[in-house]
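Asks: Pasting a predicted model and its sequence here:
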Amino acid sequence: MKAGFQYFPESFMWSQGMMIVIEMARWGGSAISEVDRVGRRLKGKVGDNEAWGAEWEKEAQRIEAMGDAAKKEGFILSAAGHYLRAATYYFVGERFIGLGPKKIELYQSCLRCFRLGVKDRYPNIERVEVPYVHEGKATTLPAWFMKAPGAKNAPTVCFFDGLDSTKELSILFGGVELALRGINTLAIDGPGQGEALRLQKIPSRPDYEVPGTAAYEYLAARPEVDPKRIAIMAYSMGGYYAPRVAAFEKRFAACIAWGGHYDYHATWITRRKIQESGGTQLSAPHYQLPWVMGMPDMDSAMKKCELYKLEGVANKITCPFLVTHGEADSISPVANAKLLYDAVSSKKKTLKVFTEEEGGAEHCQGDNRFLGATYVADWIAANL
């Protein structure tokens, strides 16, 4: 990891986790001193993912208690700020611990604090449910809708996650920047993501145009939204999802792949070799892919991954298209973004590669999320 901050030089995965939480500070989702407080307690415990979860939970509980105390005194905005930070810490703590009741408990604590935080800090963020059909049964996909100030018939972005993040982070680092530019955001946990995976047990699917269409139709019916100016965006693994949606759901007016993918199966062939050789250059626990895919083991998860390819799909994309990528991306090589860009048929398409010199060169600009978020928001404002 050349470009990213290595808080734990001996653990790529933990250092990635620290970068994620540090970068949320700009949007009120963390405080550097609090992050370092946890990091110092974890020195000497590197690799113990249960210790990781316990220390982040301890800090989250401390900050949540600060929120409770401020609320009791009538300091509602201060309380909301504490709750938002606690929500991030609960989620970061959940991120690496093993599958089981504790993982779900921590995520539910994240949701509880996030609801308390946005209610008073961001009253323009609304909890919504997007109608969806899973295995023949009517259900919903959970989402946050962030209304831009004064929005009426405004441009809107439908924002899906990646392999191991949630809408509670993306509505802040993506939605806030878009709202400042007069653009609404629907941050949604699709199949295999966030709340849909954890609480509803809805796994990923390769034909992501199905949840993409569900999200489009939900948005098109809202009075704040111009149905002719809705973009589809996703990051990290979403660099497969968003292009797949745009290829088959032509009502989306633009597509943004925040981190490019072309052959997700090939990416995981490489990752599995690292995993099985005892290598440490992995950003997620060993169970993550089978869990997200809804498969019992790595072999079956890899088999399902064979369907996650954009060859013969990306060429169907004709709307304005952006793919961003870090020059030193240590999770998905920049070559993936270039393959995707070359395959897209759009007359108006942009490939933005962030260099180590300018910053944002890590995976999805994890080393400087602000650079990625503002570039994406500016491009959307100019093209939607």
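Replies: All right, it came through fine. Numbering: from 1, shown residues only.
Asks: Kindly state the domain boundaries assigned to the chain.
Replies: For the chain, automatic domain parsing gives the domain ranges 10-123, 124-384.
Asks: would you list the ones you listed in CSV and tack on mean pLDDT and mean neighbour count?
Replies: All C-beta spots, glycine's among them, are computed from the backbone N, C-alpha and C. Output for those, formatted as CSV (pLDDT from 0 to 100; neighbours: other CB atoms under 10 Å):
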stretch, mean pLDDT, mean neighbour count
domain 10-123, 97, 19
domain 124-384, 96, 20
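Asks: which SS state does R127 fall under?
Replies: Judged by DSSP: H, G, I helix; E, B strand; the rest coil, the three-state class of R127 is strand.
Asks: just checking, it touches W144?
Replies: Yes. The pair R127 / W144 is scored as a contact, 6.2 Å apart, by CB atoms under 8 Å.
Asks: which residue ranges form the strands in the stretch 201-350 of the chain?
Replies: Applying DSSP state E, counting those that start in this stretch to the stretch 201-350 of the chain gives strands spanning 225-235, 254-258, 321-326, 349-354.
Asks: Give me the common contacts of R127 and W144.
Replies: Contact criterion CB atoms under 8 Å, 6 or more residues apart in numbering; no residue bridges R127 and W144 by contacting each.
Asks: for the spatially most central residue of the chain, what are its contacts?
Replies: Centroid check for the chain by CA atoms, centre = their mean gives D161 as the closest residue, at 3.6 Å. For D161, the contacting residues are K167, S170, D189, G190, Q193, G194, A234, Y235, S236, M237, G238, by CB under 8 Å, 6+ apart.
Asks: pretty sure the fourth one is in a helix, no?
Replies: Think G190. No. Going by three-state DSSP, the assignment for G190 is coil, not a helix.
Asks: my read: it touches F159, true?
Replies: No. Using CB under 8 Å, G190 is not in contact with F159; the gap is 10.1 Å.
Asks: Give me the distance between the residue nearest to S204 when sequence neighbours are not counted and M19.
Replies: Spatial nearest neighbour of S204, excluding adjacent residues (CB to CB, 6 or more residues apart in numbering): G192 at 2.7 Å. Distance of G192 to M19, given as CB to CB, to the nearest Å: 23 Å.
Asks: Tell me how far R115 lies from Q193.
Replies: Distance, R115 to Q193, by CB to CB: 18 Å.
Asks: and what of T270?
Replies: Distance, T270 to Q193, using CB to CB: 23 Å.
Asks: what's L172 in contact with, if anything?
Replies: By CB under 8 Å, 6+ apart, the residues touching L172 are M24, W27, G28, G29, L84.
Asks: Can you give me the distance of the closest residue to the fourth one other than its chain neighbours to G175?
Replies: To tie it back to what came earlier, the one meant is G29. Of all residues not flanking G29 in the chain, T88 sits nearest, at 4.3 Å (CB to CB, 6+ apart). Distance, T88 to G175, using CB to CB: 15 Å.
Asks: Also Q288?
Replies: From Q288 across to G175, the span is 25 Å (CB to CB).
Asks: got it, and G212?
Replies: To G175, G212 is 18 Å away according to CB to CB.
Asks: Can you give me the separation between the residue lying closest to R244 once chain neighbours are set aside and V245?
Replies: The shortest distance from R244 to any non-neighbouring residue, by CB to CB, 6+ apart, is to Y208 (4.7 Å). Per CB to CB, Y208 is found 5 Å from V245.
Asks: And E64, by the same measure?
Replies: Relative to V245, E64 is positioned 36 Å away (criterion: CB to CB).
Asks: ok, and V157, which helix or strand is that part of?
Replies: In the assignment (DSSP states H and E), V157 maps to strand 154-160.
Asks: what about the helix or strand just after that strand, distance to the chain center?
Replies: Of the helices and strands lying after strand 154-160 in sequence (DSSP H and E), the nearest is helix 167-170. Computed by CA atoms, centre = their mean, to the nearest Å, the chain-centroid distance of helix 167-170 equals 6 Å.
Asks: by contact count, what packs against helix 167-170?
Replies: helix 76-94, helix 101-121, strand 137-146, strand 184-188, helix 194-198 (3 or more CB pairs under 8 Å, 6 or more residues apart in numbering; DSSP states H and E).
Asks: surely K309 meets D263?
Replies: Yes. K309 lies in contact with D263 (CB under 8 Å); the separation is 4.9 Å.
Asks: Now for the closest residue to E23 other than its chain neighbours: which residues touch it?
Replies: Residue nearest to E23 in three dimensions, not counting chain neighbours: R369, with 4.0 Å by CB to CB, 6+ apart. Taking CB under 8 Å, 6+ apart, we find R369 in contact with E23, M24, R26, F173, G360.
Asks: Of those, which is the nearest to H134?
Replies: Among these, F173 lies closest to H134 (CB to CB), at 27.8 Å.
Asks: Pull up the gap between the closest one and P227, please.
Replies: According to CB to CB, F173 stands 26 Å off from P227.
Asks: Also I202?
Replies: For I202 relative to P227 (CB to CB), the value is 26 Å.
Asks: same deal with I274?
Replies: I274 is 44 Å from P227, where distance means CB to CB.
Asks: for R181, same thing?
Replies: From R181 to P227 the distance is 19 Å (CB to CB).
Asks: before we move on, the earlier item: these two touch, right, the residue nearest to S204 and M295?
Replies: No. Taking contacts as CB under 8 Å, G192 lies outside contact range of M295: 10.9 Å.
Asks: need the contact list for A253.
Replies: Contacts of A253 by CB under 8 Å, 6+ apart are K228, R229, I230, A231, C319, P320, L384.
Asks: Mind putting those residues into JSON lines with distance to L351?
Replies: Formatted as JSON lines, these follow (distance: CB to CB, whole Å):
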{"residue": "K228", "distance to L351": "26"}
{"residue": "R229", "distance to L351": "23"}
{"residue": "I230", "distance to L351": "23"}
{"residue": "A231", "distance to L351": "17"}
{"residue": "C319", "distance to L351": "16"}
{"residue": "P320", "distance to L351": "13"}
{"residue": "L384", "distance to L351": "18"}
